[in-house]
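Student: sequence plus predicted model, see below.
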Amino acid sequence: MSSASLPMVPRCSVAQHHKIFSVEHLEYPSGHPTITDECRIEHANKLESFKPLDDITNEISHKVYKKHGWNPVNSLRKAWVTLCRAFLVEAQWFASGNLPNAEEYLENGIISSGVHIMLVHTFFLLGEGLNHQNVELIDDNPGMISSTATILRLWDDLGSAKDENQEGNDGSYVDYYMKEHQGIEVESVRKHVIGMISNAWKCLNHECLSRNPFSSSFTKASLNLARTVPLMYSYDDNQCLPSLEEYIEFLLYQSISM
């Protein structure tokens, strides 16, 4: 069996591909469940775009089972179902024009950030603390994951809000907050969002420093993901990532003395 890499979820949402897919492509006709319904997952197998995802999920599950003696396929599928539902909600918002308020957007955006899907895979690939209690907890998007996801979503939205020419209909927390608070200055909203990021960090630190059922390896993985967020989403005025570009260039092209 070929090696499987951890699936990475990009920032782009279903709504950003509105020129390629309509909401009707993502839903069953009236009276039928969407492709994200676990009970009707066999229907989704007919979709060419779904099969590779299901294949790699089965492949990763097989590797985890061989190495750690636990089959995570149900949890991994549930995580993908949750992510697809969040993408579908975004697509329905923008297709209908019935846009959410800031709180509704953030609640869904925490899921559509993809952090949960990454950390669920990390949890099972590490294979530490695998028991029914911890698996149920990881399935329910615990505080350690939701705090990390909040940090990523809000940092990303701060960068997105800077770019007035950004393509796509993904929106941002900044946009929706400003619509709810007419006349507020952008800088005031940015300070508010930075305060929210700070609070999310406090929650994450509390989760990591308090007694929790997760292994130290998983805790470090969650922290490290949150720490990389400013590097990944600190855009300059040209919507570039100079710090990230510098590190990548150093990694790829600079020689290291041994």
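Tutor: Right, received. Where do you want to start?
Student: other SSEs contacting the strand or helix carrying S61?
Tutor: Per DSSP states H and E, S61 falls inside helix 50-68. Other helices and strands packing on helix 50-68, by 3 or more CB pairs under 8 Å, 6 or more residues apart in numbering; DSSP states H and E, are helix 73-96, helix 115-126. Using the backbone N, CA and C atoms, a C-beta is placed for each residue, glycine as well.
Student: so which of those comes closest to T148?
Tutor: With distances scored as CB to CB, the stretch of those nearest to T148 is helix 115-126 (5.3 Å).
Student: okay, the helices and strands packed on helix 50-68, which one's buried deepest?
Tutor: Among the helices and strands packed on helix 50-68, ranked by average contacts under mean count of other CB atoms under 10 Å, first place goes to helix 115-126 (a mean of 22).
Student: which other residues reach that one?
Tutor: The contact list for helix 115-126 (CB atoms under 8 Å, 6 or more residues apart in numbering) reads 6-9, 60, 63-64, 68, 70, 72, 75-76, 79-80, 82-83, 130, 134, 138-139, 141, 144-146, 148-149, 152, 214-215, 217-218, 221-222, 225.
Student: what about burial for these, which qualify?
Tutor: In those, burial by neighbour count holds for 7, 9, 60, 63-64, 72, 75-76, 79-80, 82-83, 130, 134, 138-139, 141, 144-146, 148-149, 152, 214-215, 218, 221-222, 225, counting by 16 or more other CB atoms under 10 Å.
Student: tell me where this structure has helices.
Tutor: Ranges of helices within the chain are 23-26, 41-44, 50-68, 73-96, 102-112, 115-126, 132-139, 143-162, 173-180, 186-209, 216-233, 242-253, based on DSSP state H.
Student: can you put those in TSV and add mean pLDDT?
Tutor: As requested, those are exported to TSV (pLDDT from 0 to 100):
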stretch	mean pLDDT
helix 23-26	56
helix 41-44	54
helix 50-68	93
helix 73-96	93
helix 102-112	96
helix 115-126	97
helix 132-139	96
helix 143-162	89
helix 173-180	94
helix 186-209	96
helix 216-233	91
helix 242-253	69
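Student: kind regards, and thank you for your time.
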